[in-house]
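**Q** Build me a model from this:
(chains A and B)
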Number of protein chains: 2
Amino acid sequence: MHLYRYEENPLITPNDVPPHHDGFEVIGAFNAGVAKFQGEVLLLLRVAERPMSDDPNIVKAPVWNPETGKVDVYEFRKDDPRYDFSDPRVIKEAGAERFLYLTSLSYLRLARSQDGRRFTIDDRPFVYPSNELETFGIEDPRITYIDGTYYIYFSAVSPKGVGEAMVSTTDFRTVTHHGMIFAPENKDVLIFPEKINGKYYALHRPVPRSNGRPEVWIAESENLLHWGNHRFLFGLREGKWDSARIGGGAVPIKTEHGWLELYHGASDDHRYCMGAVLLDLNDPAKVIARSERPLVEPEADYEVNGFFGRVVFSCGALVDGDVVKMYYGAADTSMACVELKLDEILDSLVKV
Amino acid sequence: MHLYRYEENPLITPNDVPPHHDGFEVIGAFNAGVAKFQGEVLLLLRVAERPMSDDPNIVKAPVWNPETGKVDVYEFRKDDPRYDFSDPRVIKEAGAERFLYLTSLSYLRLARSQDGRRFTIDDRPFVYPSNELETFGIEDPRITYIDGTYYIYFSAVSPKGVGEAMVSTTDFRTVTHHGMIFAPENKDVLIFPEKINGKYYALHRPVPRSNGRPEVWIAESENLLHWGNHRFLFGLREGKWDSARIGGGAVPIKTEHGWLELYHGASDDHRYCMGAVLLDLNDPAKVIARSERPLVEPEADYEVNGFFGRVVFSCGALVDGDVVKMYYGAADTSMACVELKLDEILDSLVKV
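**A** The predicted structure is shown next:
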């Protein structure tokens, strides 16, 4: 597999993004949705901002307040035995798996480029928390273009759980809100770019509590807003690179051999790679082939080191002839791009 | 509050139901959906069958096999330290919260009555596991009647998680399958019996893993099959009877003051009661009032003692003038009925 990582990588880092909130620092500009619009490449960045702290014993938790429209900041002492601060991204109750707060607030902000390598970042957020299901922020957008409209969907995070919400735009200026399309716990939704046999399809990744694991499902819709006929699609594989956690990545790419889905998988030691799965062109609920080994692994410095290291996580790719330009979040910190050959990806897949 | 528990209670017990599977015993005939059909009261029972065992050191787990259409039985030794058998309903991995297997297999079976008190039970299952998402069984049906069709929806349980599946019937002879309408983890779905301002509505109870709690949400649909615009509706209340777990119960009852939803709540010590919440007639996403204390608590012997004691759990009620006949599962074992006065229920609710 020939990988061409751009010389300009990382393309966007937190240093390139001025914070939107006073007293905050940008710690992540990553996991961007991707679109082509009016000749430009748009990256819809997940920007994560953290309240600054001059006391290393204090951990802060930002929460958007629907009443005031502002962000409240809660403070926790690191030596408070009631809490677990071991994962820098969250504050947990000691001894529990569930999180109570996030340590940063994410929202979506546009970056624009003529060449797909050098980006100019908008001054202001493009999509910002707007209701009680988004008080902990919105994360990891994907963008599906259908008939003149860009559908943008993302994780909506709040004390009520993590679900998937959707907005749409035709001009990347104004957005229409469509509410939560997949109830908690769900994320990594990918809407196919066209109807298949009269129906819209989406991949999604529910995370049930009582049993079951974080695996990929498929759903159907007539209107992109309401989803049903949920079916299990593909799962974790013990001993492989995708043994602990998987989820859709880029919007499915139509090829003559099937729908190509670039998806992420994590191993038990939290190393996130990208691989691929091929779904039947006429019935995307049928898995044809899948990566035995990752296509892209965290190897470059900006992928190995960062806020949460050893992560390669794509939310979108552009296809240019036989070239797949996969944009991806690196180490939960920055954006990068790698080019792969479509035929090499397809050749690498193993029939299931 | 005047409660009239039928003298005939429990109306149906496991002893009344011959097992469908050779070598199995019926341990539960409970949590039935309720409908009126051709002048009869129908209870669509959840029948739970358990493989018989003559060795008290062996716990058995029945799993329906989609390949053979038969039930396989797995055996576990009670002294195997890898497993946790403390909850009689499930087999867990030791030290983990998730379950690996159920100790019984549930399916749906009809009981018919002229007077709503004495029931005749069908010889065969009415809805039985039918796909890979139902291999651990199907549970807790509810029935919504809309325009000549009975929509029957229930928990579909498998190693992939617990979701809500739906079938429909017009004659209670043949059913049409509609797949899973709410992805894991979700149960306690209640579909409103008519469109409200042009849309169908449903209550549902997602159980997210990373954060959030088992609380009641509302969703919208145009066709009853695909659901979206998920919103949080009402939650747990610390220190009250519904502090640990809540979920919809009976199909919402239309009153002049609003939609009356009889719902179940459990306290931290797993005592299940029934209470009520009143939702706005024109916008059921608005909560008007709610029970401070339960309407019905487990007090009778058949409610306190059973396979899983101290449980009153309704999946359906019939309204006759000012009388609400609430059918309910008692102690995860039997079916019973209690009559309440509609105006007394409404008077008991406290504005929120």
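**Q** Centre-most residue in chain A?
**A** A:Asp140 (3.0 Å; CA atoms, centre = their mean).
**Q** Tell me who's in contact with that residue.
**A** Listed by CB atoms under 8 Å, 6 or more residues apart in numbering or on different chains, the contact partners of A:Asp140 are A:31, A:46, A:154-155, A:187-188, A:313, A:315. Where you see a C-beta, it was placed from the backbone N, CA and C, and this is true even at glycine.
**Q** 7 Å instead?
**A** By CB atoms under 7 Å, 6 or more residues apart in numbering or on different chains, the residues touching A:Asp140 are A:31, A:46, A:154-155, A:187, A:315.
**Q** From A:Lys60, how far out is it?
**A** As judged by CB to CB, to the nearest Å, A:Asp140 and A:Lys60 stand 22 Å apart.
**Q** just A:Glu134 next, same as before
**A** 19 Å.
**Q** A:Leu100 now?
**A** 13 Å.
**Q** Ok, A:Lys187 next?
**A** For A:Lys187 relative to A:Lys60 (CB to CB), the value is 24 Å.
**Q** Kindly report the same for A:Ile146.
**A** Distance from A:Ile146 to A:Lys60, counting by CB to CB: 40 Å.
**Q** So which of those two has more stuff around it?
**A** Neighbours were counted for A:Ile146 and for A:Lys60 using other CB atoms under 10 Å in any protein chain shown; A:Lys60 has more, 19 against 15.
**Q** Make sure the more buried one is indeed in a strand.
**A** Yes. Counting by DSSP: H, G, I helix; E, B strand; the rest coil, A:Lys60 is located in a strand.
**Q** what does the stretch 201-350 of chain A have sitting close to chain B?
**A** Within the stretch 201-350 of chain A, the positions near chain B by CB under 7 Å from any CB of the partner chain are A:204, A:206-212, A:217, A:220-223, A:225-230, A:232.
**Q** 8 Å - rerun?
**A** A:204, A:206-212, A:215, A:217, A:219-223, A:225-232 (CB under 8 Å from any CB of the partner chain).
**Q** Of those, select the buried ones using a PyMOL command.
**A** Selection of buried members from those for PyMOL, criterion 16 or more other CB atoms under 10 Å in any protein chain shown:
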select buried, chain A and resi 204+206+207+208+209+210+211+212+215+217+219+220+221+222+225+226+227+228+229+230+231+232
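**Q** residue ranges of the helices in chain A, please?
**A** For chain A, the helices defined by DSSP state H cover A:301-304, A:342-348.
**Q** Mind putting those helices into TSV with distance to B:Asp268, mean neighbour count and mean pLDDT?
**A** As requested, the helices of chain A are arranged in TSV below (distance: least, CB to CB, whole Å; neighbours: other CB atoms under 10 Å in any protein chain shown; pLDDT from 0 to 100):
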stretch	distance to B:Asp268	mean neighbour count	mean pLDDT
helix A:301-304	44	19	98
helix A:342-348	51	15	98
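**Q** And those helices: which comes nearest A:Gly198?
**A** helix A:342-348 (26.8 Å; CB to CB).
**Q** now for that closest one, which elements pack on it?
**A** Here helix A:342-348 touches strand A:253-255, strand A:258-266, strand A:272-279, strand A:323-330, going by 3 or more CB pairs under 8 Å, 6 or more residues apart in numbering or on different chains; DSSP states H and E.
**Q** what separates that helix from the chain centre, distance-wise?
**A** 23 Å (CA atoms, centre = their mean, to the nearest Å).
**Q** Return the alpha-carbon coordinates of it using CSV.
**A** C-alpha atoms of helix A:342-348 as CSV (Å, rounded to 0.1, in the frame of the first residue of the first chain):
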residue,chain,number,x,y,z
LEU,A,342,-8.4,3.4,-4.7
ASP,A,343,-7.4,0.2,-6.6
GLU,A,344,-4.8,-0.6,-4.0
ILE,A,345,-7.4,-0.2,-1.2
LEU,A,346,-9.8,-2.5,-3.1
ASP,A,347,-7.1,-5.0,-3.8
SER,A,348,-6.1,-5.1,-0.2
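**Q** Now do it: everything it contacts.
**A** Helix A:342-348 is contacted from outside by A:1-2, A:253, A:255, A:257, A:260, A:276, A:278, A:291, A:293, A:295, A:319, A:322-324, using CB under 8 Å, 6+ apart.
**Q** ok, now stretch A:142-154?
**A** For stretch A:142-154, contacts defined as CB under 8 Å, 6+ apart pick out A:33-37, A:42, A:44, A:46, A:108, A:127, A:138-141, A:164-170, A:172, A:175, A:181, A:189-194, A:224, A:248, A:250-251, A:315-316.
**Q** Of the residues you listed, keep whichever come out buried.
**A** In the contacts of stretch A:142-154, the ones that pass as buried (16+ other CB under 10 Å) are A:33-35, A:37, A:42, A:44, A:46, A:108, A:127, A:138-141, A:164-169, A:172, A:175, A:181, A:189-193, A:224, A:248, A:250-251, A:315-316.
**Q** How much space separates the residue lying closest to A:Val47 once chain neighbours are set aside from A:Phe172?
**A** Leaving aside its sequence neighbours, A:Val47 sits nearest to A:Arg109 (CB to CB, 6 or more residues apart in numbering or on different chains; 4.7 Å). Going from A:Arg109 to A:Phe172 by CB to CB gives 12 Å.
**Q** what about the stretch 201-350 of chain A, any weak spots by pLDDT?
**A** Along the stretch 201-350 of chain A, the model assigns pLDDT under 70 to no residue.
**Q** now A:Asp79: how far from B:Lys60?
**A** 49 Å.
**Q** ok, now A:Gly148?
**A** 58 Å.
**Q** How many neighbouring residues does A:Leu100 have?
**A** Other residues near A:Leu100 come to 17 when the count uses other CB under 10 Å.
**Q** wait, it sits on A:Phe85?
**A** No. Using CB atoms under 8 Å, A:Leu100 makes no contact with A:Phe85, being 10.9 Å away.
**Q** which residues do the two both contact?
**A** A:91-92.
**Q** if I look at the residue nearest to A:Val47, how far off is chain B?
**A** A:Arg109 is 24 Å from chain B, where distance means CB to the nearest CB, to the nearest Å.
**Q** Let me have the contacts of A:Asp140 in TSV, adding distance to A:Phe307 as columns.
**A** As requested, these are exported to TSV (distance: CB to CB, whole Å):
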residue	distance to A:Phe307
A:Asn31	12
A:Arg46	12
A:Phe154	19
A:Ser155	17
A:Lys187	18
A:Cys315	17
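**Q** rewinding a little: please dump the helices and strands packed on helix A:342-348 into a markdown table; it should also carry mean neighbour count for every row.
**A** A markdown table is the format used below for these (neighbours: other CB atoms under 10 Å in any protein chain shown):
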| stretch | mean neighbour count |
| --- | --- |
| strand A:253-255 | 16 |
| strand A:258-266 | 24 |
| strand A:272-279 | 26 |
| strand A:323-330 | 24 |
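**Q** number of nearby residues for the closest residue to chain B within the stretch 251-352 of chain A?
**A** Nearest to chain B in the stretch 251-352 of chain A, going by CB to the nearest CB, is A:Ala285, at a distance of 10.6 Å. Number of residues near A:Ala285 (other CB under 10 Å) recorded here: 16.
**Q** Show me the beta-bridge partners of A:Asn186.
**A** Judged by DSSP bridges, the bridge partners of A:Asn186 are A:Pro206.
**Q** so what's it up against?
**A** Applying CB under 8 Å, 6+ apart, one finds that A:Asn186 lies in contact with A:162-164, A:204-207, B:183.
**Q** Strand A:323-330 and the strand ranked longest in chain A, what's the angle between them?
**A** Ordering each strand of chain A by length in residues (DSSP state E) puts strand A:24-37 first. Between strand A:24-37 and strand A:323-330, the angle comes out at 160 degrees (axes from the mean of the first three to the mean of the last three CA atoms, to 10 degrees).
**Q** any idea of the angle strand A:24-37 forms with strand A:258-266?
**A** Using the same axes, to 10 degrees: strand A:24-37 against strand A:258-266 is 170 degrees.
**Q** Average pLDDT for strand A:24-37, rounded please.
**A** Strand A:24-37 shows an average pLDDT of 98 in the prediction.
**Q** What helices and strands are in contact with that strand?
**A** Counting contacts by 3+ CB pairs under 8 Å, 6+ apart, strand A:24-37 is packed against strand A:40-51, strand A:105-113, strand A:137-146, strand A:149-158, strand A:312-320, strand A:323-330, strand A:334-341.
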